[in-house]
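J.: pasting the structure only:
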């Protein structure tokens, strides 16, 4: 028999009294057990108990258990671990609390205990023990372990401690017991609540701490302000009441109270507030905060500028973002990082400025900053939106060569680009590649494919993908249903299209303006204007406002039925609703007036169109030329259109140099459209006249101009002129669009200009740098050698369709001295 004398030290009695007081106030589950135990101890001082050598289930004393546990925790052998496990049935929250109190100066012992207690998920390690442990961890500045434990505590107490008061008072009551000297433990809980989106508890903890005289640090306020910015439900929480719906006002109020409390904001505080302002588009406040932080000697960092630049780019103010970048470099001597460039690249892509996006990537590499997945995905999406599917594939290949793994976003963008190009087979190939890499399509991937198949009328395939999508656990969205409605409209199956609306309603999805506009457009295309107007009334009755697409569809339908006066009435109604007509609307009405011989009104609408900065496209010019031609006014058509272009169509603030610099510029698109209009009518002398006039004014044509003229002269039979322009195009650093090159190849073949033909074919094949195009290149070369030009044309067309050949653009990667030798055409042309 082993005799064990157990007594309770002063610290143990102090600790247990602390538990008694705390639990009596908040009545946790251990309250009654501990009160009962303390009442027993009250009759003996010092208290002791006498035990036999006991086995599992015996009533071992707290001190004996703690001493045994400490012995085993200080040794890491398997034997001691097993002995520790044997203590678990007897270990109580009181014992755990006493051990934490006793080991508060021995951080290694505390950490060993936490490792044992947390790994075994033992019931003795309750919320109160976690509070005690947090004191020791924060005192020794072991914040990583403390954060993990605080998260467990916050989640564990979420139900029984709705306001955070229990945890706060537990920490406060044990504050001096564990010799805490700072507010770090309260800062930790505020940060933890904020990170877990428990905003109410975070704000309450700040209030509790202030009411008991604790001065919280910047960590608490930064975390709470950040949580407020992220929260969409911050209004009226805690003692911070706001009158406006957006949490930014709550964040500003919290910021103000922080300043009044003597806590100085740092750069992270300002970055959070600037991000909040950017989220709601209040960029003027961003500048106010930046000015304030500099007044107080808190200098902005790269994150500050990245946040501001991102906001500029997302609202189409990329040039302002570039100015911010220059300020960052020159005024603050800060160097951009990968995120900075990604933000700029995204801005350029959103505005269709792909050449500048590519230049930004080049600058990144020059600064030894490696593009990451975000860079490539952004570029890939940008090229897809611009319709340059070849360059999107080049980005995909470059991404793989760089050792980066494409993700679901990458493949969804590629699938979307192929669907837009009408190449559904290629889209499905990317879906297969995606699965082979272990990536599963998401809702957006499926919806993209469903839309692609539906747009071309392949509804059976669309519904198969829909079923697969549902089987994978994705619920069809309103976008998915709109895609199916579009498919039914394309096939003229309007009753089934309307049936989908009922199906949507049955699943709790309300049709939106896209839904109704799609069906209205379908009825208009099928000549059923009565049903189209009925659907318009239905959408208005359900509170869905018409948009420009709705009105444009109705105007087109009326114009096709030669009901021009009604179309004009709808046009005026559209303007009265504050909706802006687009180029399509104007062109539809211009076409209708030309068809009725009212050229004067057509020209009036053209002038109005230009005045509103909607520059005509090629279709508009074709209609005007045709309208004038029908009245035997060909010379007037040529003269008038040239006059319009030179005197009216280009706004005063758009110079020729500006037009030439970027094809994305709307003014220059109008130049190309005019050239197209002449070329499509076979008026090549007039087209050359526009081209010569540009050269005389020292304007440098871009690849679009050359493509139009080369293609036009090939079609018109002037192969020599086409070759001259092709040579000039190549020497200027541009490569032709695939369709232009194929047209030139056909013209050269027809004229039996074999030497020139071979050079053009080789230059096209050199432009294909994708490994997946190697087989096709071989096929072209073999068939060319054998004189099988039909096969050459077919393979080149398929390569273009699959995105294996470049659309067109600058030859930037090839040095100019090599360029001439590589693509030199015979000089005798």
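T.: Happy to help now that I have it. Being a predicted model, the structure only gives us computed values, none of them experimental.
J.: Kindly state the pLDDT recorded for residue 334?
T.: Residue 334 carries a pLDDT value of 93.
J.: again with residue 719
T.: Looking at residue 719, its pLDDT stands at 86.
J.: Which neighbouring elements make contact with the host helix or strand of residue 606?
T.: Mapping residue 606 onto the secondary structure by DSSP states H and E places it in helix 599-611. Using 3 or more CB pairs under 8 Å, 6 or more residues apart in numbering; DSSP states H and E as the contact test, the elements touching helix 599-611 are helix 583-595, helix 618-630. Every residue, glycine included, has its C-beta placed from N, CA and C.
J.: Quick check: mean pLDDT of stretch 384-402?
T.: Averaging pLDDT along stretch 384-402 yields 85.
J.: What residues sit buried inside it?
T.: Burial within stretch 384-402, assessed by neighbour count using 16 or more other CB atoms under 10 Å, is assigned to 384-386, 388-396, 398-399.
J.: Quick check: phi and psi on residue 692?
T.: Dihedral angles phi and psi of residue 692 (degrees, to the nearest 10) take the values phi -60, psi -40.
J.: Now for it, how many residues are close by?
T.: As a burial measure, the neighbour count of residue 692 was computed by other CB atoms under 10 Å and equals 10.
J.: got the residue ranges for the strands in the chain?
T.: Listed from the start of the chain, the chain has strands (DSSP state E) covering 734-735, 809-810.
J.: Worst mean pLDDT among the ones you listed?
T.: strand 809-810 (a mean of 48).
J.: Could you identify which of the helices and strands packed on helix 599-611 has the lowest mean pLDDT?
T.: If you rank the helices and strands packed on helix 599-611 by mean pLDDT, helix 618-630 sits at the bottom with a mean of 60.
J.: quick one: the nearest residue to residue 446 once chain neighbours are set aside from residue 497, how far?
T.: Here the nearest residue to residue 446 in space, its sequence neighbours aside, is residue 469; by CB to CB, 6 or more residues apart in numbering that works out to 3.9 Å. When distances are taken as CB to CB, to the nearest Å, residue 469 and residue 497 turn out to be 20 Å apart.
J.: Nearest the geometric middle of this structure, what residue?
T.: residue 378 (8.6 Å; CA atoms, centre = their mean).
J.: Need the pLDDT of that one.
T.: 94.
J.: Let me see the contact set for it.
T.: With contacts taken as CB atoms under 8 Å, 6 or more residues apart in numbering, residue 378 has the following neighbours: 342, 345, 346, 349, 357.
J.: Run through the residues that contact the residue nearest to residue 756 when sequence neighbours are not counted.
T.: If the residues on either side of it in the chain are set aside, residue 756 comes closest to residue 748, at 5.3 Å by CB to CB, 6+ apart. When contacts are counted by CB under 8 Å, 6+ apart, residue 748 touches 719, 723, 754, 756, 757, 760.
J.: Do I have it right that the first one meets residue 711?
T.: What it means is residue 719. No: distance between residue 719 and residue 711: 12.0 Å, which falls outside the contact criterion (CB atoms under 8 Å).
J.: With neighbour numbers in mind, choose between the two.
T.: The residue with more neighbours, out of residue 719 and residue 711 and counting by other CB under 10 Å, is residue 711; that gives 24 against 21.
J.: Quick check, the more buried one in contact with residue 738.
T.: No: under the criterion of CB under 8 Å, residue 711 makes no contact with residue 738, lying 11.1 Å away.
J.: separation between the residue lying closest to residue 92 once chain neighbours are set aside and residue 118?
T.: With CB to CB, 6+ apart as the criterion, residue 92 has its nearest non-adjacent residue at 5.5 Å, and that residue is residue 124. Distance of residue 124 to residue 118, given as CB to CB: 12 Å.
J.: more neighbours, those two?
T.: residue 124 (20 against 16).
J.: Thanks a lot, catch you later.
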